[in-house]
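Q: Pasting a predicted model and its sequence here:
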Amino acid sequence: MITIGKKSYGDLLISIIFFILMTMALVFVLPYVDVTKESEEVLLPLAGVFLFWLLSIGMMISSTTRKKNLIEYENGRFYLNYRRKTIKISIKDIERIHARRDTAKGFSYPFGKIMIYTEERIFKMPGVANVEEVENRMNRIYFDYQKQSENQNA
């Protein structure tokens with residue numbers, strides 16, 4: 001099997017930075033909280049920071065448990081390796097392949113999402129490193145396969 005797309009560690013880095021920021025917020029806010037007073041002015045923001053802190057932990061766990069090789073190719077099929085399942089997509093069924101880079105506040109990251117369009121549905125694989133390079137490799141394989149099948153039919 002040929003590995004085409006690997007997972008990006010950019011989302012892990014972002015979740016670690018988010019975790020550190022939320023931990024710092026909790027450390028600086030907790031000493032000033034008077035739990036004996038049930039003031040919504042204090043407890044509501046604290047609950048929000050705590051929920052974001054838990055969210056950052058979930059993001060880190062999600063990033064680390066993903067498979068390393070997200071997209072693979074073998075014998076006319078692309079394999080999309082999700083966390084708990086692998087989806088096989090025959091090249092014959094593909095209509096087009098498109099990549100979308102992740103962006104935030106005008107900054108574009110090198111990682112992003114690969115979308116494979118078939119007649120039945122759209123398959124999306126998020127968190128792919130060097131997403132545009134992966135798109136080019138997949139399209140090259142796709143077009144070479146089409147050209148090969150046209151030559152066999154002629």
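A: That came through, no problem.

Q: Not including adjacent chain positions, what is the nearest residue to residue 69?
A: Of all residues not flanking residue 69 in the chain, residue 3 sits nearest, at 4.6 Å (CB to CB, 6 or more residues apart in numbering). C-betas here are computed from N, CA, C, even on glycine.

Q: contacting residues around the one you found?
A: Residue 3 makes contact with 69, 71, 72 under the criterion CB atoms under 8 Å, 6 or more residues apart in numbering.

Q: Run through the neighbouring helices and strands of the helix or strand of the chain with the lowest mean pLDDT.
A: Ranked by mean pLDDT, DSSP states H and E, the weakest helix or strand in the chain is helix 40-65, scoring a mean of 81. In this structure, helix 40-65 makes packing contacts with helix 10-29, judged by 3 or more CB pairs under 8 Å, 6 or more residues apart in numbering; DSSP states H and E.

Q: just checking, what packs against the helix it packs on?
A: Going by 3+ CB pairs under 8 Å, 6+ apart, helix 10-29 lies up against helix 40-65, strand 107-118.

Q: Sweet, I'm off.
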